[in-house]
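Colleague: When you get a sec, could you give me coordinates for this:
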Amino acid sequence: MSLRARAAAALGRQLACPSGAGGRLLGPLMRFANRRPSRALIDALAIRPHHRVLDIGCGDGAVLAMLGDVAWRAGVDRSATMIAAARHRLAWPIRTGRADIVEGDMRALPFADASFDRIIASNVLYFCDNIPAFLAECRRVGRPGATLGIYVTAAQSMARWAFASQATHRHFERGDLEQIFAANALGADDFSISALSLPGGIEGLIATVELRPAT
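Modeller: Presented below is the predicted three-dimensional model:
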């Protein structure tokens with residue numbers, strides 16, 4: 001493997017689970033790159049002040065910090081490096097009991113049943129090896145009427161980036177998301193998927209999912 005290929009693979013692994021000094025450096029870069037899709041996802045979820053909001057794969061807490069005034073916000077991430085950064089960013093709402101940041105797994109969320117009105121999953125589905133378990137957990141922690149919002153960069157854009165190869169990232173097209181939702185007891189009326197055009201010819205996908213119990 002060439003030096004360039006090794007560097008790309010190392011970056012892909014860091015994006016999957018940032019750690020150490022390299023992971024800390026990635027925080028500001030991810031925050032800048034994800035600013036527009038994060039805002040679009042927040043808008044699509046129609047988050048209101050009375051909502052309790054969970055960000056799965058919260059990174060350094062940037063999306064949670066963008067929410068404005070909400071009843072309660074929480075973040076979960078498997079990276080201890082990102083957890084530390086998010087706790088620093090949200091120190092005041094944590095101190096005043098309006099937020100919590102915990103280390104954990106998207107397939108086994110460390111929260112009680114029926115805890116959240118809105119759930120954010122931005123740029124994390126690439127790293128999920130059990131999407132049915134992820135969706136089941138979102139249903140479990142969602143309150144009645146809860147909505148899950150997912151953002152992924154579309155497969156055709158991901159294919160341009162060596163660091164986002166399928167060795168470290170799952171790739172999704174609209175049809176892939178539709179098949180996943182259908183296979184997990186979600187009907188056509190339970191979700192919507194829209195395209196998001198970003199600078200540089202990057203195409204993203206935003207999905208909103210009504211978290212009705214599986215039947």
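Colleague: wait, isn't residue 212 in contact with residue 190?
Modeller: Yes. In this structure, residue 212 is within contact of residue 190 by Cβ atoms under 8 Å, at 6.2 Å. Every residue, glycine included, has its C-beta placed from N, CA and C.
Colleague: residue ranges for the strands of the protein, please.
Modeller: For the chain, applying DSSP state E gives strands covering 52-56, 72-77, 99-103, 116-122, 142-153, 191-198, 202-210.
Colleague: can you state the direction angle for the fifth one and strand 52-56?
Modeller: Looking back up the chat, that one is strand 142-153. Interaxial angle, strand 142-153 versus strand 52-56 (axes from the mean of the first three to the mean of the last three Cα atoms, to 10 degrees): 40 degrees.
Colleague: List every C-alpha atom in strand 142-153, with coordinates, as PDB.
Modeller: Below are the C-alpha coordinates for strand 142-153, written out as PDB (Å, rounded to 0.1, in the frame of the first residue of the first chain):
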ATOM      1  CA  GLY A 142     -38.100   8.100  21.300                       C
ATOM      2  CA  ARG A 143     -41.200   9.500  22.900                       C
ATOM      3  CA  PRO A 144     -44.600   9.200  21.200                       C
ATOM      4  CA  GLY A 145     -44.400  11.300  18.000                       C
ATOM      5  CA  ALA A 146     -40.600  11.400  18.100                       C
ATOM      6  CA  THR A 147     -38.700  12.000  14.800                       C
ATOM      7  CA  LEU A 148     -35.200  10.800  13.800                       C
ATOM      8  CA  GLY A 149     -33.200  12.900  11.500                       C
ATOM      9  CA  ILE A 150     -30.400  11.300   9.400                       C
ATOM     10  CA  TYR A 151     -27.700  13.000   7.300                       C
ATOM     11  CA  VAL A 152     -25.300  11.100   5.000                       C
ATOM     12  CA  THR A 153     -23.200  12.300   2.100                       C
END
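Colleague: Other residues contacting that strand?
Modeller: For strand 142-153, the external contacting residues (Cβ atoms under 8 Å, 6 or more residues apart in numbering) are 37-38, 40-42, 44-46, 52, 114-123, 125-126, 135, 138, 164, 172, 177, 196, 202-211.
Colleague: Then the second one?
Modeller: Strand 72-77 is contacted by residues 52-59, 61, 64, 67, 83, 86, 90, 93, 98-104, 106, 109-111, 115-116 when judged by Cβ under 8 Å, 6+ apart.
Colleague: Let's see the ChimeraX selection covering just the buried ones among the residues you listed.
Modeller: Buried subset of the contacts of strand 72-77, written as a ChimeraX selection, criterion 16 or more other Cβ atoms under 10 Å:
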select :52,53,54,55,56,57,58,59,61,64,67,83,86,90,93,99,100,101,106,109,111,115,116
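Colleague: Tell me which of the strands of the chain lies nearest to residue 13.
Modeller: Closest approach to residue 13 among the strands of the chain (Cβ to Cβ): strand 72-77, 15.5 Å.
Colleague: rewinding a little: taking the contacts of strand 142-153, please make a PyMOL selection of just the buried ones.
Modeller: With 16+ other Cβ under 10 Å as the criterion, this PyMOL line picks the buried residues out of these:
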select buried, resi 37+38+40+41+42+44+45+52+115+116+117+118+119+120+121+122+123+125+126+135+138+164+172+177+196+202+203+204+205+206+207+208+209+211
